[in-house]
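Peer 1: Fold the following, please.
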Amino acid sequence: MVNYSPGAIALHNRQSMKLLSSLLHKSQQRRSLILACCNDVRWHGAIIRKLRAHCALPLQAVKLPASTRSLYGELHSQGMTYPANGALMILGLDAIAALNRVLLAFELEYQTYPGTPPVPLVLWVTDRVMSKISQFAPLLEEQASDPVRFWAIASAEPPAAIAPSSPPLESCCAGEM
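Peer 2: Take a look at the predicted model:
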């Protein structure tokens, strides 16, 4: 039986944060795909804020609109520049209306244009989006690292911000993450 106590959730999230930070550091200046999974999308931004506090790398986050038809096309239309020595975090996949089509196109783009972008690309997903990736973009799933999973407490609200004085990862407690 899995222990879902606040302490166990906090410990799991600290370990996941360390793993994600390590993956980002190891993947610098090369193309890699990382899947970060948390079923409560309200927590994605909070986790990224904590990651920024813990990880010295530049992390650029982009939220895709529901009308997205192509991941790289949307990034291009937004005038995206890829962070040097950092990572690009993609949010909003869960809300895309044509998700199946976007995943099919992204898989083709990722395979066809291996030099773009030359940074770690972190897709923030839910279990539903993971299932869609398995179904519509299995090559992406193969190329990605195992998903880094974060847990949220259903009754807890995600933290609005990180206090500047709080030590990194120490505030990944159940009440905050």
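
Peer 1: CA atoms for contacts and neighbours, from now on please.
Peer 2: Will do.

Peer 1: residues contacting residue 141?
Peer 2: By Cα atoms under 8 Å, 6 or more residues apart in numbering, residue 141 lies in contact with 133-134.

Peer 1: Identify the residue nearest the geometric centre of the protein.
Peer 2: residue 124 (3.0 Å; Cα atoms, centre = their mean).

Peer 1: where's the closest residue to it other than its chain neighbours, which helix or strand?
Peer 2: Closest residue to residue 124 apart from its sequence neighbours, by Cα to Cα, 6 or more residues apart in numbering: residue 36 at 4.9 Å. Assigned by DSSP states H and E, residue 36 falls within strand 32-37.

Peer 1: Run through the neighbouring helices and strands of that strand.
Peer 2: Where contact means 3 or more Cα pairs under 8 Å, 6 or more residues apart in numbering; DSSP states H and E, strand 32-37 is packed against strand 120-125, helix 138-143, strand 148-149.

Peer 1: Report the inter-axis angle for it versus strand 120-125.
Peer 2: Relative orientation of strand 32-37 and strand 120-125, computed by axes from the mean of the first three to the mean of the last three Cα atoms, to 10 degrees: 20 degrees.

Peer 1: List the strands paired with strand 32-37, with their directions.
Peer 2: Applying DSSP bridges, strand 32-37 is found paired with strand 120-125 (parallel), strand 148-149 (parallel).

Peer 1: How far does the lengthiest helix in the chain sit from its chain's centre?
Peer 2: Longest helix in the chain, counting residues (DSSP state H): helix 6-26. Relative to its chain's centre, helix 6-26 lies at 13 Å (Cα atoms, centre = their mean, to the nearest Å).

Peer 1: same question, stretch 51-58
Peer 2: 14 Å.
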